[in-house]
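K.L.:
Need a 3D model of the following:
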Amino acid sequence: MNFLAIIGRMVLSFLRHAGRLAVFTVVSLLHCFTPPFFLRNIGRQMVEIGYYSLPVVGLTAIFSGMVLALQSHTGFARFSAEGAVATVVVLSMTRELGPVLAGLMVAGRVGASMAAEIGTMRVTEQIDALTTLETNPYKYLVAPRLWAATLMLPLLVLVADIIGVFGGYLVGTYKLGFNPVNYIKRTFDYLEFVDVFSGLVKAAVFGFLIALIGCYNGYMSKGGAQGVGQATRNAVVGASILILTANYIITELFFSR
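P.N.:
Residues are numbered from 1 along each chain as shown. From the prediction side, this is the model:
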């Protein structure tokens, strides 16, 4: 019976958190589309999420493209299909690796930052002070982060796609001996609009999820410094799991024919 009680408590806890998250999501979305809009906050968050995430996303993308080219060449050499390396690199980066790796890196950097910042404001009663000053915390804290993350992550992913393909090009031409013109031609021969578009859609969804989970865990944190630390950890883990889950769902919607 103790075992069943533990399972029951886990189920009830999951349902309680899921309900809170659902309510938080609906309220946040309503405030995203109703005035007033704090444009300065949105701009500040866009710089924080987009510009300052470029180095880590760029490094991740270029080395991913380089490793992908090496691994693809090693595998395809067994079947005398080395010419497909360029196609595999560009399709893998635009469809999967670009959005997923960028999303996970931004979740670790930005999601944790959002949870820590808002969580600190919660435990130090700064959010209560905003309410006292008749400033809606959802409009001032949550909505700008949701807008900024949703708008900036597709741009980051687009840059990551370009850098990742360039990394594959460097390895393909300077290490594997491909002709540069032929490599570029094979890169664009089989690339279609839906490949890039699906990755950008994934990026927008991932950006929304990262900001949502980061803001939710920070907003609901309690218990001082320990609670803020737990909220930060939950934000990174929760956003990463949701990114991988949403990645499969969106891929199924685009390519399940």
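K.L.:
Which parts of the stretch 151-257 of the chain are helices?
P.N.:
Counting by DSSP state H, counting those that start in this stretch, the stretch 151-257 of the chain has helices at residues 180-189, 193-219, 224-255.
K.L.:
tell me the mean pLDDT for the longest one?
P.N.:
Along helix 224-255, the predicted confidence averages to a pLDDT of 89.
K.L.:
that older thread, can you check which of the helices of the stretch 151-257 of the chain gets nearest to Pro99?
P.N.:
Proximity to Pro99 (CB to CB) singles out helix 193-219 among the helices of the stretch 151-257 of the chain, at 4.1 Å. (Glycine included, C-beta is placed from N, CA and C.)
K.L.:
buried sites along that closest one?
P.N.:
For helix 193-219, burial by neighbour count (16 or more other CB atoms under 10 Å) applies to 195-196, 198-219.
K.L.:
just stretch 142-152 next, same as before
P.N.:
The neighbour-count check on stretch 142-152 (16+ other CB under 10 Å) flags Val142, Ala143, Pro144, Arg145, Leu146, Trp147, Ala148, Ala149, Thr150, Leu151, Met152 as buried.
K.L.:
ok, the third one touching Ile42?
P.N.:
Yes: A contact is recorded between Pro144 and Ile42 when judged using CB atoms under 8 Å, the distance being 4.4 Å.
K.L.:
Next, the contact list for Ser221, please.
P.N.:
Counting by CB atoms under 8 Å, 6 or more residues apart in numbering, Ser221 touches Ala115, Ile118, Gly119, Arg122, Val123, Gly227, Val228, Gln230, Ala231.
K.L.:
Closest one to Val171 out of those, please.
P.N.:
Closest to Val171, out of all of the contacts of Ser221 and judged by CB to CB, is Ala115, at 37.0 Å.
K.L.:
How much space separates the closest residue to the closest one other than its chain neighbours from Tyr174?
P.N.:
Excluding its sequence neighbours, the residue lying closest to Ala115 (CB to CB, 6 or more residues apart in numbering) is Ala235, at 3.7 Å. For Ala235, the distance to Tyr174 equals 40 Å [CB to CB, to the nearest Å].
K.L.:
More neighbours: which of these two?
P.N.:
Each of Ala235 and Tyr174 has its neighbours counted (other CB atoms under 10 Å); Ala235 has more, 31 against 10.
K.L.:
That one is in contact with Val110, isn't it?
P.N.:
No: in this structure, Ala235 is not within contact of Val110 by CB under 8 Å, at 9.6 Å.
K.L.:
Overlap in contacts, these two.
P.N.:
By CB under 8 Å, 6+ apart, the residues touching both Ala235 and Val110 are Gly214.
K.L.:
where does the stretch 1-150 of the chain have low pLDDT?
P.N.:
Scanning the stretch 1-150 of the chain with the threshold set as pLDDT under 70 gives 1.
K.L.:
rerun at 90
P.N.:
1-21, 31-32, 34-39, 50, 71-88, 111, 119-137, 140-141 (pLDDT under 90).
K.L.:
helix or strand for the residue nearest the centre of the chain, which one?
P.N.:
The C-alpha lying nearest the average C-alpha coordinate of the chain belongs to Gly103 (CA atoms, centre = their mean; 2.4 Å). In the assignment (DSSP states H and E), Gly103 maps to helix 98-106.
K.L.:
Run the angle between that helix and helix 193-219 for me.
P.N.:
20 degrees (axes from the mean of the first three to the mean of the last three CA atoms, to 10 degrees).
K.L.:
Glu48: neighbour count?
P.N.:
Applying other CB under 10 Å, we find 18 residues neighbouring Glu48.
K.L.:
Could you measure from it over to Pro144?
P.N.:
Using CB to CB, we find Glu48 at a distance of 10 Å from Pro144.
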